[in-house]
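A.B. asks: Got a predicted structure plus its sequence, pasted below:
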Amino acid sequence: MVGPELRYEVEAFYADYAAALDDTELERWPDFFTEDCLYKLVPRENWERNLPVALMLCESRAMLRDRVTAVRNTAVFAPRTLRHFITQFRIAEETPERLRVSANYMVLQTRVDDLTRIQNAGRYLDLIIRTETGLHFNEKCCVFESVLVPNSLIYPV
Amino acid sequence: MVGPELRYEVEAFYADYAAALDDTELERWPDFFTEDCLYKLVPRENWERNLPVALMLCESRAMLRDRVTAVRNTAVFAPRTLRHFITQFRIAEETPERLRVSANYMVLQTRVDDLTRIQNAGRYLDLIIRTETGLHFNEKCCVFESVLVPNSLIYPV
Amino acid sequence: MVGPELRYEVEAFYADYAAALDDTELERWPDFFTEDCLYKLVPRENWERNLPVALMLCESRAMLRDRVTAVRNTAVFAPRTLRHFITQFRIAEETPERLRVSANYMVLQTRVDDLTRIQNAGRYLDLIIRTETGLHFNEKCCVFESVLVPNSLIYPV
């Protein structure tokens, strides 16, 4: 079983990841990934049937950077703020350098003229690699529950 | 005060419990309990007034198994998925084998044609026993906040 | 990096704080603060522009006690229960006695005749001091996301 030190390190990594997305430091987002990586946002229904369709799919850190640029330049998009809640971490050590982590996540969204609402929720299914500069996502798969999503999911999850 | 190792073990136990319910491995649910056990789902109002009425009440692992069978055979029930968020664990060790644990919980529900919504939320008030095969619930009392519940609460919490 | 023992201690402190608010032990709330302290509830928009307006502002434990009295004596206020979900703790040790802690929080609100809903959500930005009697908030700043708040935010967050 994974010990408390490793668990703490993993949870601190996700807390930092959430802070980058929630406090609109989006430019930091690609740095949480390895150079070669897989980032996927996929509906649960498709995931369970092994259907390949994803709402977002990036296969390298460079693609993640492109995504950030796209978000920053999308004009027709009402301003909103996000807040992540990530709980129930399950951690399995494949090797000292490779961790399989799953967790439940929920993203709250607040538009200027509206109450805080659930934007989307689901499960993270991640492969984390330890490099010289700390933990990084090698694969991050966000399996969200709903087929309906309030407004376009333009921000990463 | 309870140390980080025990806290980690408890949190990992709840993460596994949540995964069984969220990833529709409902058949695993009774295995989280001792053979003799008490599972109760009760409105906060009744709890605070010591009123005995519960929405769900099982007094043995066999009754929990019956409950799973009932859920699996309920036909008139729109498909939905659930996701648990369990936080703010408070752990007290009564003896090395008996733990009192309370935590806040929230269950999100997603129906096929709908957004993700809060199904119910409240507090777990649990007694956990350490057996040869690990931690098990001897008592699990789910005190939920609302008197109103969106649709029938057919799944365990 | 902060070790697991300290992290556990901090998380247990917040779990106790949440329990005081959620289980309506409001009289315990001021005891989580130092005698001189700062408690602030401020919209994100104001926070990010350094605007001073706060929805709630208390500058000593005595003021927090006054606040509790005010809440207890507010008659024109529909009964409701609250439940906190605090996640993604980020802890930085300034000195062995001073901790900077941030976390995401969400408060669920349930009125007698209504479903459980999100009341408000945001970020805690706290300064915690270790005294002879344990951890205490010296500063607690609750930066909430929405400008709109369902009903008046009368309870502390």
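C.D. replies: Done, it's in.

A.B. asks: any idea which element the residue nearest the centre of chain A lies in?
C.D. replies: Chain A has A:Val157 as the residue nearest its centroid, 4.0 Å off, counting by Cα atoms, centre = their mean. Taking DSSP states H and E as the definition, A:Val157 sits outside all helices and strands.

A.B. asks: Could you do A:Leu99 as well?
C.D. replies: Assigned by DSSP H and E, A:Leu99 falls in strand A:98-111.

A.B. asks: Please identify the buried residues of that strand?
C.D. replies: Applying a neighbour-count criterion of 16 or more other Cβ atoms under 10 Å in any protein chain shown, one finds A:Leu99, A:Val101, A:Ser102, A:Ala103, A:Asn104, A:Tyr105, A:Met106, A:Val107, A:Leu108, A:Gln109, A:Thr110, A:Arg111 buried in strand A:98-111. Quick note: C-beta positions are derived from backbone N, CA and C, even for glycine.

A.B. asks: Then stretch A:134-144?
C.D. replies: So for stretch A:134-144, counting by 16+ other Cβ under 10 Å, buried means A:Leu135, A:His136, A:Phe137, A:Asn138, A:Glu139, A:Lys140, A:Cys141, A:Cys142, A:Val143, A:Phe144.

A.B. asks: For the helix or strand where the fourth one lies, which strands pair with it and how are they oriented?
C.D. replies: Going back to what we said before, that points to A:Asn138. In the assignment (DSSP H and E), A:Asn138 maps to strand A:134-144. Paired with strand A:134-144 in the same sheet, following DSSP bridges, are strand A:33-43 (parallel), strand A:116-131 (antiparallel).

A.B. asks: where does A:Glu27 fall, phi/psi-wise?
C.D. replies: Backbone torsions for A:Glu27, taken as degrees, to the nearest 10, come to phi -60, psi -20.

A.B. asks: cool, and the one 5 residues further on?
C.D. replies: The phi/psi pair for A:Phe32 (degrees, to the nearest 10) reads phi -80, psi 0.

A.B. asks: So what's the residue count around it?
C.D. replies: By other Cβ atoms under 10 Å in any protein chain shown, the residues close to A:Phe32 number 23.

A.B. asks: Surely it touches A:Asn138?
C.D. replies: No: the criterion here is Cβ atoms under 8 Å, and A:Phe32 misses it with A:Asn138 at 10.8 Å.

A.B. asks: anything in contact with each of the two?
C.D. replies: Among the neighbours of A:Phe32, none is also in contact with A:Asn138 (Cβ atoms under 8 Å, 6 or more residues apart in numbering or on different chains).

A.B. asks: Can you tell me the SS state at the residue in chain A sticking out farthest from the centre?
C.D. replies: Distance from the C-alpha centroid of chain A, by Cα atoms, centre = their mean, peaks at A:Asp113 (26.0 Å). Judged by DSSP: H, G, I helix; E, B strand; the rest coil, the three-state class of A:Asp113 is coil.

A.B. asks: ok, now A:Arg65?
C.D. replies: From three-state DSSP, the assignment for A:Arg65 is helix.

A.B. asks: What's the separation between it and A:Cys37?
C.D. replies: Distance from A:Arg65 to A:Cys37, counting by Cβ to Cβ, to the nearest Å: 12 Å.

A.B. asks: neighbour count winner among these two?
C.D. replies: The neighbour comparison of A:Arg65 against A:Cys37 (other Cβ under 10 Å) goes to A:Cys37, with 21 against 15.

A.B. asks: Specify the helix with the largest residue count in chain A.
C.D. replies: Counting residues, the longest helix found in chain A (DSSP state H) is helix A:4-22.

A.B. asks: which parts of chain A sit against chain C?
C.D. replies: A:4-5, A:7-9, A:11-12, A:14-16, A:18-19, A:22-23, A:81, A:83-87, A:108, A:110, A:112-118 (Cβ under 8 Å from any Cβ of the partner chain).

A.B. asks: Go again with 7 Å.
C.D. replies: Applying Cβ under 7 Å from any Cβ of the partner chain, one finds that chain A approaches chain C through A:4-5, A:8, A:14-16, A:18-19, A:22, A:81, A:83-87, A:108, A:110, A:112, A:114-117.

A.B. asks: What subset of those is buried?
C.D. replies: Those of those that meet the buried threshold are A:4, A:8, A:14-15, A:18-19, A:22, A:81, A:83-87, A:108, A:110, A:115-117, by 16+ other Cβ under 10 Å.
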